[in-house]
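Asks: Dropping a prediction and its sequence here:
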Amino acid sequence: MSTYDPEKAAQIHRDLHTHLPPDPALRVKTLESLVVERGLVQPEIVDAWVEAYSEHIGPKRGAQVVARAWTDPEFKARLMADASEAIKDFGFEGHATGHLKAIENTDTQHNLVVCTLCSCYPFSILGMSPAWYKSSEYRARAVREPRKVLAEFGVTLAKDVSVRAWDSTAEVRYIVIPQRPAGTEGWDQDRLAAIVSRNSMIGTDRDLDTGGE
């Protein structure tokens with residue numbers, strides 16, 4: 001007859017949780033293994049999609065747009081007039097950016113993007129939307145008390161800086177053009193793009209980190 005050893009059981013439990021990935025990651029990996037095993041998809045295709053969203057379709061695309069707007073006045077003028085048309089220079093056009101509008105932060109105005117009805121988002125240039133963007137709390141509070149929401153993201157605005165919340169829909173989506181940090185004169189577009197955060201293009205980040213330069 002087998003006996004129950006609580007110490008041994010506890011150790012097994014600890015070992016399992018030490019070596020297994022977090023629960024969501026484990027579920028994703030299990031699903032991937034099943035569809036590959038059943039021949040529904042090739043692993044190379046999965047890898048290609050992961051690379052596309054992490055390296056190409058992610059926020060790096062939007063950062064390239066911002067960096068060029070900072071350095072190319074003619075492009076910036078076209079971007080502010082018709083963002084959907086301007087981003088065709090990069091080949092970034094798509095359904096999610098078919099009606100894209102660029103909005104610029106200034107010394108006196110800060111812009112914040114929200115989708116109050118669902119979670120419309122220009123994923124073709126910003127990648128997958130963060131979980132908080134889709135949450136009911138953010139969607140409700142961003143338009144009602146934007147300064148408090150921004151403060152929770154670490155953004156404290158002076159009283160003379162107004163805040164405007166832009167409601168993204170299926171018909172129009174937004175990208176915030178953050179202010180170019182002082183001290184970045186002479187930087188090339190690649191270096192500038194590297195400091196542009198996803199949150200700054202949503203509006204929940206304002207002062208970009210230049211690494212102390």
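Replies: Now that the structure is in, tell me what you want to look at.

Asks: Return the residues in contact with residue 133.
Replies: 114-115, 119, 121, 202 (Cβ atoms under 8 Å, 6 or more residues apart in numbering). (Glycine included, C-beta is placed from N, CA and C.)

Asks: no wait, residue 153
Replies: Taking Cβ under 8 Å, 6+ apart as the definition, contacts of residue 153 comprise 199, 204-205.

Asks: ok, those vs residue 136, which is closest?
Replies: Minimum distance to residue 136 across the contacts of residue 153 is 16.5 Å, recorded for residue 204 (Cβ to Cβ).

Asks: Can you check what pLDDT the model gives that closest one?
Replies: We note a pLDDT of 97 for residue 204 in this prediction.

Asks: Ok, residue 141 next?
Replies: Reported pLDDT at residue 141 in the predicted model: 97.

Asks: Can you tell me, leaving aside adjacent residues, what's nearest to it?
Replies: Leaving aside its chain neighbours, residue 141 sits nearest to residue 149 (5.2 Å; criterion: Cβ to Cβ, 6 or more residues apart in numbering).

Asks: For the one you found, grab the count of nearby residues.
Replies: Neighbourhood size, residue 149 [other Cβ atoms under 10 Å]: 23.

Asks: State the phi and psi torsions of it.
Replies: phi -60, psi -50 (degrees, to the nearest 10).

Asks: Would you mind measuring from it to residue 125?
Replies: 23 Å (Cβ to Cβ, to the nearest Å).

Asks: Then residue 78?
Replies: Taking Cβ to Cβ as the measure, residue 78 falls 15 Å from residue 125.

Asks: go on, residue 31?
Replies: With Cβ to Cβ as the criterion, residue 31 and residue 125 are 27 Å apart.

Asks: about what we covered before: for the contacts of residue 153, pick the one with the most neighbours.
Replies: residue 204 (25 neighbours).

Asks: if you skip the residues just before and after it, what's nearest to that residue?
Replies: residue 153 (4.3 Å).

Asks: What about residue 139, how many residues nearby?
Replies: Neighbour count of residue 139, defined by other Cβ under 10 Å: 18.

Asks: Is it correct that it falls within a helix?
Replies: Yes: Residue 139 forms part of a helix when assessed by DSSP: H, G, I helix; E, B strand; the rest coil.

Asks: residues contacting it?
Replies: Contacts of residue 139 by Cβ under 8 Å, 6+ apart are 114-117, 119.

Asks: hmm, try it at 7 Å
Replies: 114-116 (Cβ atoms under 7 Å, 6 or more residues apart in numbering).
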